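# Provide a 3D model corresponding to the input given below.
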Amino acid sequence: YGYTGNNVHGILTDYASGVVRNVRIEHLRSFSGSVIGIAHYKGTVSQLDGAIQIDHLVAGQKIKKEDVGQLILPNSAPFVCSVLIGPNSDSEGYPERTPVVAKTVAASVIVGDQIYGHDYCAHENTRVGDMMVPLMPELFVGDEIGFGIEMNVIDKSVISRYENVYSIAPLIVLTAAIILALVVARMVCCNRIEKERFPSTYGSF
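Residues are numbered from 1 along each chain as shown. Just a heads-up that it's a prediction; the model follows:
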């Protein structure tokens, strides 16, 4: 999503209305862009209800702090936010398009402590609920397929399953090669027998 195509959203609303209820969003990452749990953009009229849980967001994982200052638009500092209330770019002509986000009495926005980014929605009027200052993405400890400690535990079982698949791959290839060799040998043998039984007289005098 976005002009640069590297922004990640858990849920995105744009010119929409409805209720977001009992949602858990986690394990979102962007190597070079922004990450937002729930984003309410222009024209949205939304209501939050129940438990809204957001954790494990990493924005700009592959960008170092010293490189952020050298970014120029449309490449902005990787931004992270839990529940974003986006701006209204048409506020002068169409103020009614400003996003409206309300919370019910039963609504609670719970943001975890595994939030990483080079910038965040610091102003209260740009987000719903409290949010800590994000950790620097360079502090994130994970791997290419996992997500920190919690995902590493899950991914070990995934890796072990793939290792089992890879371990039988040579056997599959060998079996296929043997079958192919047998088929070719049978064809050659049958062709030879056929020639001996029915010799061709084409071209003979």
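# in stretch 59-68, what's buried?
With burial defined by 16 or more other CB atoms under 10 Å, the residues of stretch 59-68 counted as buried are 59, 60, 61, 63, 68. In this view, the C-beta of every residue, glycine as well, is placed from N, C-alpha and C.
# do the same with stretch 99-113
So, applying 16+ other CB under 10 Å, buried residues of stretch 99-113: 99, 101, 103, 107, 109, 111.
# who's residue 40 bridged to?
Counting by DSSP bridges, residue 40 is bridged to residue 13, residue 85.
# might one say that residue 129 is in contact with residue 109?
Yes - using CB atoms under 8 Å, residue 129 makes contact with residue 109 at a distance of 3.0 Å.
# which neighbours do these two share?
Residues touching both residue 129 and residue 109 by CB atoms under 8 Å, 6 or more residues apart in numbering: 52, 82, 83.
# for the second one, what are its contacts?
The reference is to residue 82. Residues near residue 82 by CB under 8 Å, 6+ apart: 36-38, 54, 57, 109, 111, 115, 121, 127-129, 131.
# before we move on, what about the last one?
Under the criterion of CB under 8 Å, 6+ apart, the neighbours of residue 83 are 37, 38, 40, 48, 52, 54, 101, 109, 127, 128, 129.
# in strands only, show me those residues.
37, 38, 40, 48, 52, 54, 101, 109 (DSSP state E).
# can you give me the strands for this structure?
According to DSSP E, the strands that the chain contains are 8-13, 17-30, 35-40, 45-59, 79-85, 100-103, 108-111, 115-116, 119-120.
# closest one to residue 183 among the ones you listed?
strand 17-30 (47.8 Å; CB to CB).
# how many degrees apart are the closest one and strand 8-13 in direction?
170 degrees (axes from the mean of the first three to the mean of the last three CA atoms, to 10 degrees).
# neighbouring contacts of strand 17-30?
Contacts of strand 17-30 (CB under 8 Å, 6+ apart): 6-11, 35, 37-38, 44-61, 78, 112, 147, 151.
# of those residues, grab the buried ones for PyMOL.
Restricted to buried positions by 16+ other CB under 10 Å, the PyMOL selection for those reads:
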select buried, resi 6+7+8+9+10+35+37+38+44+45+46+48+49+52+53+54+55+56+57+58+59+60+61+78+147+151
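# now the buried residues of stretch 99-113 as TSV including distance to residue 90?
Compiled in TSV, the buried residues of stretch 99-113 are given as follows (distance: CB to CB, whole Å):
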residue	distance to residue 90
99	12
101	18
103	25
107	28
109	27
111	30
